[in-house]
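Asks: model this:
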Amino acid sequence: MKRKKKILFLKAVAYGDLNEEIKTYLDQYKDETTELEVRNIQIGPKHLEYQYYQALAGAQILKEVLRAEKEGFDAACISCFDDPFLYPAREISKNMVVTAPGEASMHLASVLGNSFSIIVGRDKWIPQMRENVCKYGLERKLASFRSLGMGVLDFHKDERATMKKFRQEIRLAIEKDRAEVIILGCSMQFGFYKELQQEFGVPVIDCMIASLKQAEYLLELREKAGWHFSRRGLYERPDPEEMRDWQLDECFNLEGLLD
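Replies: Predicted structure coming up:
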């Protein structure tokens with residue numbers, strides 16, 4: 001019997017209203033051996049459309065990643081397409097796999113086609129997301145960003161109106177920008193991809209699903225091939241003795257999570 005994989009899907013916002021709905025949605029796509037839990041950060045903003053909000057949420061995101069590893073989770077998915085604090089989370093964790101929707105979706109899209117377009121909520125999001133595309137080395141694959149003119153909390157208020165905007169922008173992305181793959185560029189755009197994919201006949205990537213499946217894939221590779229995040233450079237972990245000397249546990253209320 002295969003060993004169970006325990007994965008945390010961490011909503012990087014301070015509300016839990018949709019946690020059960022998200023879990024039910026993702027349960028359709030997880031492996032049989034995956035035990036999935038959905039949590040949110042305890043304090044902070046309710047969306048991360050501003051980099052200031054992301055900065056405020058950062059300490060809580062990292063705290064929940066550390067807590068998850070302490071509790072025996074094998075992986076964590078940080079649920080926001082901007083991938084807030086993804087690299088620091090990989091750096092501070094010990095053996096846990098950490099993924100996020102933006103990186104997972106873009107790498108997947110780059111395999112599924114020669115070019116991809118990202119459907120965002122607002123123009124405000126584009127500069128930071130473009131920086132991430134470049135950071136991941138995928139700028140040559142980017143066909144365009146297309147904006148719906150909607151905030152994170154608006155997508156599910158009137159889903160028919162949201163779908164109408166999706167159709168308009170996806171059609172332009174395919175016909176004008178020559179995108180071969182579409183990425184829905186917000187984790188709160190979950191649940192729309194199937195109908196859009198069927199209608200337009202190209203892969204439409206739900207970034208929530210992409211981050212979950214990347215976590216499962218990386219866990220399988222770690223188990224079968226021994227491949228894990230390198231500690232040689234980017235993800236080198238801070239010196240535990242230094243963190244103890246600086247009393248970071250106490251200063252930042254980390255409850256012994258750095259041990």
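
Asks: low-confidence ranges in the protein?
Replies: For the chain, applying pLDDT under 70 flags the ranges 1.

Asks: Mind jotting down where the strands sit in it?
Replies: Assigned by DSSP state E, the chain shows strands spanning 5-11, 34-40, 75-79, 97-99, 116-120, 142-147, 181-184, 204-206.

Asks: Show me where the stretch 151-259 of the chain has its helices.
Replies: Taking DSSP state H, counting those that start in this stretch as the test, the helices found in the stretch 151-259 of the chain are 159-175, 193-200, 207-225, 240-245, 248-251.

Asks: for the longest one, packing partners?
Replies: Put plainly, it is helix 207-225. In this structure, helix 207-225 packs against strand 5-11, helix 19-27, strand 75-79, strand 97-99, helix 101-112, with contacts taken as 3 or more C-beta pairs under 8 Å, 6 or more residues apart in numbering; DSSP states H and E. Placement of C-beta: from N, CA and C, glycine included.

Asks: ok now the fourth one, how far from the chain's centre?
Replies: Taking C-alpha atoms, centre = their mean, to the nearest Å, one finds strand 97-99 lying 9 Å from the centre of the chain it belongs to.

Asks: need the strands of the chain in JSON lines with mean neighbour count, can you?
Replies: Shown next, in JSON lines, are the strands of the chain (neighbours: other C-beta atoms under 10 Å):
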{"stretch": "strand 5-11", "mean neighbour count": "24"}
{"stretch": "strand 34-40", "mean neighbour count": "18"}
{"stretch": "strand 75-79", "mean neighbour count": "28"}
{"stretch": "strand 97-99", "mean neighbour count": "26"}
{"stretch": "strand 116-120", "mean neighbour count": "26"}
{"stretch": "strand 142-147", "mean neighbour count": "20"}
{"stretch": "strand 181-184", "mean neighbour count": "28"}
{"stretch": "strand 204-206", "mean neighbour count": "23"}
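
Asks: Using JSON lines, lay out these together with distance to R130.
Replies: Below are these laid out as JSON lines (distance: least, C-beta to C-beta, whole Å):
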{"stretch": "strand 5-11", "distance to R130": "24"}
{"stretch": "strand 34-40", "distance to R130": "27"}
{"stretch": "strand 75-79", "distance to R130": "20"}
{"stretch": "strand 97-99", "distance to R130": "21"}
{"stretch": "strand 116-120", "distance to R130": "9"}
{"stretch": "strand 142-147", "distance to R130": "7"}
{"stretch": "strand 181-184", "distance to R130": "13"}
{"stretch": "strand 204-206", "distance to R130": "18"}
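
Asks: rewinding a little: need the helices and strands packed on helix 207-225 in JSON lines (columns: distance to M163).
Replies: JSON lines is the format used below for the helices and strands packed on helix 207-225 (distance: least, C-beta to C-beta, whole Å):
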{"stretch": "strand 5-11", "distance to M163": "23"}
{"stretch": "helix 19-27", "distance to M163": "17"}
{"stretch": "strand 75-79", "distance to M163": "22"}
{"stretch": "strand 97-99", "distance to M163": "27"}
{"stretch": "helix 101-112", "distance to M163": "20"}
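
Asks: List just the one of these that sits closest to W246.
Replies: W246 sits nearest to strand 97-99 of all the helices and strands packed on helix 207-225, at 23.2 Å, using C-beta to C-beta.

Asks: Neighbouring strands of the closest one in the sheet, and parallel or not?
Replies: Counting by DSSP bridges, the strands paired with strand 97-99 are strand 75-79 (parallel).

Asks: Name the residues that touch the strand it pairs with?
Replies: Strand 75-79 has contacts (C-beta atoms under 8 Å, 6 or more residues apart in numbering) with 5-12, 61, 64-65, 68-69, 84-86, 89, 93, 96-101, 187, 208, 211-212, 215-216, 218-219.
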